[in-house]
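[1] can't give you the sequence, but here's the structure:
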């Protein structure tokens with residue numbers, strides 16, 4: 001039973017460590033999201049190992065005899081499973097959010113490049129060429145807007161996963177008493 005509790009507690013601690021180190025990067029309102037993306041990937045690279053180690057412990061089978069299945073034992077097992085599932089949910093939402101932020105940053109940089117080229121060519125274009133460039137810029141703005149909405153959706157899901165992990169860690173801790 002002690003091993004089960006310690007495994008659940010380690011998973012919960014790894015999950016919370018990852019969350020605490022990465023939450024400040026995404027929630028920081030002073031820097032734009034595009035600038036924070038670089039810092040976010042550094043946090044993910046340094047913290048994913050602890051999350052992976054914590055999540056990997058669920059692959060170790062728990063061996064117990066049938067006669068040891070008390071209520072306390074069953075609660076501890078359930079808390080362990082909740083912690084494992086929550087950390088998996090968090091890792092998947094984190095990856096989705098990172099991918100969405102990366103795509104958003106690329107779309108913003110493309111839009112900036114298009115607008116710079118347009119400004120550099122002002123006065124040199126025919127009205128037809130100018131209309132054509134504006135259509136491309138408008139399309140890119142729409143793409144940026146769509147990607148931003150996707151980022152917001154994944155950020156909301158990520159926040160829910162973060163809260164779920166915190167609750168799972170608390171459940172794992174309280175089941176060990």
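    That came through, no problem. Every value quoted in this text rests on a predicted model; they were computed, and no experiment measured them.

[2] okay, now residue 160: neighbour count?
    Look at residue 160: counted by other Cβ atoms under 10 Å, it has 13 neighbours. C-beta: built from backbone N, CA, C; applies to glycine.

[3] Grab the nearest non-local neighbour of it.
    Closest residue to residue 160 apart from its sequence neighbours, by Cβ to Cβ, 6 or more residues apart in numbering: residue 93 at 7.9 Å.

[4] go on, residue 121?
    With sequence-adjacent residues excluded and distances taken as Cβ to Cβ, 6+ apart, residue 121 is closest to residue 133, at 7.7 Å.

[5] element containing the one you found?
    In the assignment (DSSP states H and E), residue 133 maps to helix 127-175.

[6] what's the neighbour count on residue 114?
    Counted by other Cβ under 10 Å, the residues lying close to residue 114 total 17.

[7] unless I'm mixing things up, it is touching residue 136, no?
    Yes: in this structure, residue 114 sits in contact with residue 136. The criterion is Cβ atoms under 8 Å, and the distance is 6.2 Å.

[8] all helices for the protein, in order.
    Listed in chain order, the helices of the chain (DSSP state H) span 2-27, 33-56, 71-120, 127-175.

[9] quick revisit: local confidence estimate at the residue nearest to residue 160?
    Reading off the confidence values, residue 93 has pLDDT 97.

[10] ok, it to residue 158 distance?
    Taking Cβ to Cβ, to the nearest Å as the measure, residue 93 and residue 158 are separated by 5 Å.

[11] More neighbours: the two, which one.
    Neighbours of residue 93 and residue 158, each counted by other Cβ under 10 Å, are more numerous for residue 158; the result is 25 against 20.

[12] residues touching that one, list them.
    26, 90, 93-94, 96-97 (Cβ atoms under 8 Å, 6 or more residues apart in numbering).

[13] Of those, which is the most crowded?
    Comparing the contacts of residue 158 by number of neighbours (other Cβ under 10 Å), residue 90 comes first, having 26 neighbours.

[14] Okay, that residue and residue 175: tell me how far apart.
    For residue 90, the distance to residue 175 - Cβ to Cβ - is 19 Å.

[15] Neighbours of residue 157, how many?
    Residue 157, neighbours per other Cβ under 10 Å, totals 17.
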